[in-house]
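>>> sharing a sequence plus its predicted fold:
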Amino acid sequence: MGEHAESSEETRVSRRAAVDWRRTGGRVASLVASIVRWVGLVFAAFLVIHVIFTVGSANPDNGIVSFVKSWADSLALGFSDLFTPSDQKLRVLVNYGIAAIFWLVVSGILAKVIRRVGGAS
């Protein structure tokens, strides 16, 4: 009887739950894809806020406006001087608006690819 008790104890210890790597990979891919979407959304938001500040004639010496402008200039990539209309507000509206749409589209496509490759549904 003593041997039987030791045998069942060993069986309990050696049994471990199997890890479903496909499901775990899908969850990780879904998380990474969500982060990519949120980053694209935040980038687009900075660009749109900059457009609103410019079109609304916000004070360029204000700390918030200058902070948003510095980020928007970095995030606009090559779009900041794509079109050169004579009106400065129209220039910012068109160029930075296109850059915002670019970030939304690229982050959406990238998130979809990550989900597909990672096996997330």
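Perfect, thanks for sending it.

>>> now the longest helix anywhere in the chain, how far from the centre of its chain.
For the chain, the helix with the greatest residue count under DSSP state H is helix 21-55. Distance of helix 21-55 from the chain centroid (C-alpha atoms, centre = their mean, to the nearest Å) equals 2 Å.

>>> then stretch 65-72?
19 Å.

>>> neighbours of L104, how many?
Look at L104: counted by other C-beta atoms under 10 Å, it has 17 neighbours. Any C-beta I mention is one placed from the backbone N, CA and C, and that applies to glycine too.

>>> by contact count, what packs against the host helix or strand of it?
Element membership of L104, judged by DSSP states H and E, is helix 88-118. Contacts defined by 3 or more C-beta pairs under 8 Å, 6 or more residues apart in numbering; DSSP states H and E place helix 88-118 against helix 21-55, helix 63-75.

>>> which of the ones you listed sits closest to D87?
Relative to D87, the nearest member of the helices and strands packed on helix 88-118 by C-beta to C-beta is helix 21-55, separated by 10.5 Å.

>>> now that closest one: mean pLDDT?
Mean per-residue pLDDT for helix 21-55: 92.
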